[in-house]
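S.K.: Let's see this in three dimensions:
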Amino acid sequence: MALSYTIDEAEQLVTITGEYSVAQEWHDLLGRILADPRRRPGFAFLRDLRQATHPVDAATVVAIISVVRQFWPYLQPTRAAILTRNDIDPAALVAHALADAENMPLQAFNSHDAAMAWLRGEVRS
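M.R.: Below you'll find the predicted structure:
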């Protein structure tokens, strides 16, 4: 299943779904999102991996984060979340760590509610 996205203008949310993929697919997808007139600066991004079944290796994640970093100043998201179905998703954890090193507000979650609360900037106790 290729990468695809939906934009919820009311929620100011871009949701990306599909299988784990390579950097070139991310480049193509982010280019389409950037050109989409429904997307505006300040939207949050949710990468939903709950249906994905073929994780990528760390080198692929590094390449993907490099692409995301290139598009970040143009997309101007508020935050980004990676939603997994597992407690531990090595690819998501690598992405989280790389984003943290780049001071990009991206975090990994295994709870949809927690991811959405974080994307909205809500404090959860």
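S.K.: What is the subsequent helix or strand relative to the helix or strand bottoming out on mean pLDDT in the chain?
M.R.: Lowest by mean pLDDT, DSSP states H and E among the helices and strands of the chain is helix 90-101, with a mean of 81. The C-terminal neighbour of helix 90-101 among helices and strands, as given by DSSP states H and E, is strand 106-109.
S.K.: Can you list the strands that that next one pairs with?
M.R.: strand 80-83 (parallel) (DSSP bridges).
S.K.: neighbouring contacts of the partner strand?
M.R.: 44-50, 68, 89, 92, 95-96, 99, 104-112, 115-116, 118-119 (C-beta atoms under 8 Å, 6 or more residues apart in numbering). Backbone N, C-alpha and C define where each C-beta goes, glycine included.
S.K.: pLDDT of that strand, averaged?
M.R.: In this model, strand 80-83 carries a mean pLDDT of 92.
S.K.: Once you drop chain neighbours, what's closest to Q76?
M.R.: P41 (3.5 Å; C-beta to C-beta, 6 or more residues apart in numbering).
S.K.: Let's see the pLDDT reported for the one you found.
M.R.: pLDDT, read off for P41, is 97.
S.K.: element containing it, please.
M.R.: Here P41, judged by DSSP H and E, is contained in no helix and no strand.
S.K.: Look up how far P77 lies from it.
M.R.: 8 Å (C-beta to C-beta, to the nearest Å).
S.K.: Please identify which of the two sits among more neighbours.
M.R.: Using other C-beta atoms under 10 Å as the criterion, P41 and P77 rank with P77 on top: 22 against 11.
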